[in-house]
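K.L.:
fold the stuff below for me.
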Amino acid sequence: MHYARDMWPRHHFAVRAGANAEHPPAAVAWPESVDEVAALVTWARNEGVTLVPFGAGSGVCAGVFPEAGAVVVDMKRMARIRRVDRDAPAVEVEAGALGVALEAALEREGYTLGHFPSSILCSTAGGWVATRSAGQCSSAYGKIEDMTAAVECVDGRGRALSLRRRTSAPDLVPLVVGSEGTLAIVTAVTFRLHPAPAARGFGSFTFRSTEAGLDAMREMLQKGLRPAVARLYDPFDAMLARTHKAPRAAHPPPPVAPRENARRGNDPRSFDPAAAALRQILAHPRALNDAIHSRAAGWALGGALLVVVFEGTEEAEREGVAGARRVAEAARGRWDGEAPARAWFDRRYAVSFRQSGVFARGAFVDTMEVAAPWSRLRDVESAVRRAAGRRVFVMAHFSHAYPDGCCIYFSFIGVGDRRRARTEGWEAASAATYDAAWRDALDAALDAGATISHHHGVGRSKAPWLRGELGEGVDVLRAVQRAFDPGHILNPGALVDRKSPPAARDPRPTPTDGIDRVSLLAAAAGARRVADVETELRANGLSLGLSAVPDDTIAAWIARGTPGARDAWADPADHVIAGFDATLANGRKVRLAPAPRRSAGPDLTALFLGAGDRFGRIDRAFLRVHPIGVPRPASPPFAWDRDAPPSPDERALIDELAREMGAG
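P.N.:
Next up is the predicted model:
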């Protein structure tokens, strides 16, 4: 049944085998107003019924997987654009609005949200917020958390809440963004808008190695360029991009009797010669990876490919492409003209529809998107390739670039072990290989210094690794969930499994104090004075970029909302705090390793930034620093009250949150 699962590829094994969904929902609700959502939640809490919010079902991390007896809440009847505020500019839109329809409506008004995930044809505004989604143009417009100015939602008590972004008082919006329906059901969102681009500029470059391409992409972002799109393909992915191809089956074979074949241990697509050839190749992943990803193969395949797309005025896009070309050619990149970038742009949504053919031929495919600071990026890529490459063929490209780091988007293609299939069946063997590859890849990513998710979320598939990402922050997240949803009725099992103890894995250590010049990050103890940190940075040609240096410690400055720091809306691709170590008011420690952006649950920085000492205090912060003399880019103005006082409902929720966290 459609509502019993999302597009997590792990589910496809059961679909291929003809198995029914494990837990079809007891009912599906279609609310049409926030009042109906509030009434539904109130009823569910009184009856002890769990609710699973549902947008369009395009998630890939098992965010939708109802327990027995659950009611799925389909939000698609709440899809209205309530208003477009031209003075801000901003749009208030209901959670069930499909992305492609929303963007088309905004374009008619002369605006863009700037959010273009590859799933835009089959994802909703509420789903974007729930998972901390990223669009393909995030290097200019930021991720969804950088666009969200306010959220209307219904918490687990049935209260309709209006939450606003703010600077110098507790801000609850970053907790709801990324909460995957476990704190509240999002009913409407206010997004910041940009003028629709008048022009686009395209550029493409070839590099002898992936390393050279990464250096060029980093230089572009750190020198103030903000391409809407910057994507670097490893040589094999680049070869596919140049030939306009991707691993897929153009014409999946007709259905067969999957259950009987799976029971006998045979591949259900074994009669198809092309499928058999694909599986034979994928049966030896280590040798395949070694051969295709060697340096010699990289040269033979034509090298790495970087495509950039700039948006805005005709002058801005011309200057952007020219600036990117200067940086790329200084890094010994070869200008390849506009064609490869334009070709990517024309096919930019196609990837969301290419999985089914691979599964139809008896193999499997999935993607894993992690992110890390620039200084850790190559280590992360190498570690994941080694770990997963023993079981599956691994491809990678780098996208969603920011001044301090980048996302690595891995693609895994594999098959089940035939010896195991003879005794357990083909689908069981495929699932075992799939699970082992994911386990090895996520362990390697964490150990190398990456976040477990840049934009797909956590769901249930990555939940066992969340403690490796957040440490005791998982227990903080449990407290946040209790404050919003004391009855535990909202999407139980997503993010954090409430029925079982947390995984024993300890979080990876954060980097030591000092300046990471490659990533333009500085680790500063909370007890240090801001002025002393600024003096040290200036001696190294860097700065915090403050309009005025406060007479504060780092911890006190963050608690007051980082006064003097540049407005967060001025450059959506940038931020002030990339990670932190903190002590909660109850004495427990929380650690968030630095990352350029993440999608691993709610943003716990909200408990410290502008929140005073209500929930705890920063012990060490990883701060974005800026080369002196390099101009910083500026987005169009956004007229939004940065310091609106919390509403009575927000104050009540803040108090409940403090009690649950032991802060009194």
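
K.L.:
report the secondary structure state of Ala79.
P.N.:
Three-state assignment for Ala79 (DSSP: H, G, I helix; E, B strand; the rest coil): coil.

K.L.:
Ile408 belongs to a strand, doesn't it?
P.N.:
Yes: looking at Ile408 with three-state DSSP, it is inside a strand.

K.L.:
hang on, isn't it packed against Trp374?
P.N.:
No: using C-beta atoms under 8 Å, Ile408 is not in contact with Trp374; the gap is 11.5 Å. No exception for glycine: its C-beta is placed from N, CA and C like everyone else's.

K.L.:
so what pLDDT did Pro464 get?
P.N.:
Pro464 is assigned a pLDDT of 92 by the prediction.

K.L.:
just checking, it is part of a strand?
P.N.:
No: counting by three-state DSSP, Pro464 is not part of a strand but helix.

K.L.:
and it, how many neighbours?
P.N.:
Using other C-beta atoms under 10 Å, Pro464 has 17 other residues around it.

K.L.:
same deal with Phe622?
P.N.:
Neighbour number of Phe622 under other C-beta under 10 Å is 24.

K.L.:
bridge partners for it, pull those for me.
P.N.:
Note on Phe622: beta-bridge partners by DSSP bridges are Ala523, Gly579.

K.L.:
gap between it and Gly414?
P.N.:
36 Å (C-beta to C-beta, to the nearest Å).

K.L.:
check which helix or strand covers Val630.
P.N.:
Using DSSP states H and E, Val630 is not contained in any helix or strand.

K.L.:
gap between it and Glu109?
P.N.:
Taken as C-beta to C-beta, the span from Val630 to Glu109 is 35 Å.

K.L.:
what do you get for Ser58?
P.N.:
Ser58 is 25 Å from Glu109, by C-beta to C-beta.

K.L.:
ok, Ala125 next?
P.N.:
For Ala125 relative to Glu109 (C-beta to C-beta), the value is 16 Å.

K.L.:
then Val308?
P.N.:
28 Å.

K.L.:
looking at those two, which one has more neighbours?
P.N.:
Val308 (29 against 14).

K.L.:
quick check: phi and psi on that one?
P.N.:
The phi/psi pair for Val308 (degrees, to the nearest 10) reads phi -130, psi 150.

K.L.:
what is the burial count for Asp552?
P.N.:
17.

K.L.:
residues in contact with it?
P.N.:
529-530, 560 (C-beta atoms under 8 Å, 6 or more residues apart in numbering).

K.L.:
now swap in Ala578 and tell me
P.N.:
373, 404-405, 521, 594-596, 622-624.

K.L.:
what do you get for Phe116?
P.N.:
99, 103, 135-137, 348.

K.L.:
pick the one among those residues closest to Ala479.
P.N.:
The shortest gap between Ala479 and any of those belongs to Gly135, at 31.3 Å (C-beta to C-beta).

K.L.:
A strand includes the closest one, no?
P.N.:
No: assigned with three-state DSSP, Gly135 falls outside any strand and is coil.

K.L.:
dump the residue contacts of it.
P.N.:
Applying C-beta under 8 Å, 6+ apart, the residues contacting Gly135 are 114-117, 120, 141, 143-144.

K.L.:
6 Å instead, please
P.N.:
By C-beta atoms under 6 Å, 6 or more residues apart in numbering, the contact list for Gly135 reads 115-117.

K.L.:
same question for Asp643.
P.N.:
166-168.

K.L.:
same list, the residues you listed, but as JSON lines with neighbour count, pLDDT and secondary structure please.
P.N.:
Conversion of the contacts of Asp643 to JSON lines gives the following (neighbours: other C-beta atoms under 10 Å; pLDDT from 0 to 100; DSSP: H, G, I helix; E, B strand; the rest coil):
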{"residue": "Arg166", "neighbour count": "22", "pLDDT": "94", "secondary structure": "coil"}
{"residue": "Thr167", "neighbour count": "18", "pLDDT": "90", "secondary structure": "coil"}
{"residue": "Ser168", "neighbour count": "16", "pLDDT": "87", "secondary structure": "coil"}
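
K.L.:
ok, of those, which one's closest to Ile654?
P.N.:
Arg166 (11.7 Å).

K.L.:
measure the closest one to Asp532 for me?
P.N.:
29 Å.

K.L.:
go on, His11?
P.N.:
53 Å.

K.L.:
and these two? Which one has more around it.
P.N.:
His11 (20 against 13).

K.L.:
so that one is in which element?
P.N.:
Counting by DSSP H and E, His11 is part of helix 9-16.

K.L.:
list the buried ones in whichever helix or strand comes after that helix?
P.N.:
Sequence-wise, the next helix or strand downstream of helix 9-16 (DSSP H and E) is strand 27-29. By neighbour count on 16 or more other C-beta atoms under 10 Å, the buried set for strand 27-29 is 28-29.

K.L.:
circling back: can I get the contacts of Phe116 in TSV with pLDDT?
P.N.:
Listed next are those as TSV, based on pLDDT from 0 to 100:
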residue	pLDDT
Gly99	97
Glu103	97
Gly135	96
Gln136	96
Cys137	97
Arg348	88
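
K.L.:
which one of the residues you listed is nearest to Ala396?
P.N.:
Gln136 (16.6 Å).

K.L.:
that closest one: neighbouring residues, count only.
P.N.:
Neighbours of Gln136 (other C-beta under 10 Å): 22.

K.L.:
same for the helix or strand hosting Ala428, what does it pack against?
P.N.:
Here Ala428, judged by DSSP H and E, is contained in helix 426-448. Here helix 426-448 touches helix 9-16, strand 364-373, helix 374-388, going by 3 or more C-beta pairs under 6 Å, 6 or more residues apart in numbering; DSSP states H and E.

K.L.:
so which of these is nearest Gly487?
P.N.:
Nearest of the helices and strands packed on helix 426-448 to Gly487, taken as C-beta to C-beta: helix 9-16 at 27.7 Å.

K.L.:
please write out the alpha-carbon positions of that closest one in CSV.
P.N.:
C-alpha atoms of helix 9-16 as CSV (Å, rounded to 0.1, in the frame of the first residue of the first chain):
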residue,chain,number,x,y,z
PRO,A,9,15.4,1.5,-1.5
ARG,A,10,15.5,-1.1,1.2
HIS,A,11,11.7,-1.4,0.8
HIS,A,12,12.2,-2.3,-2.9
PHE,A,13,13.4,-5.8,-2.1
ALA,A,14,10.0,-6.6,-0.6
VAL,A,15,8.2,-5.0,-3.5
ARG,A,16,10.4,-6.9,-6.0
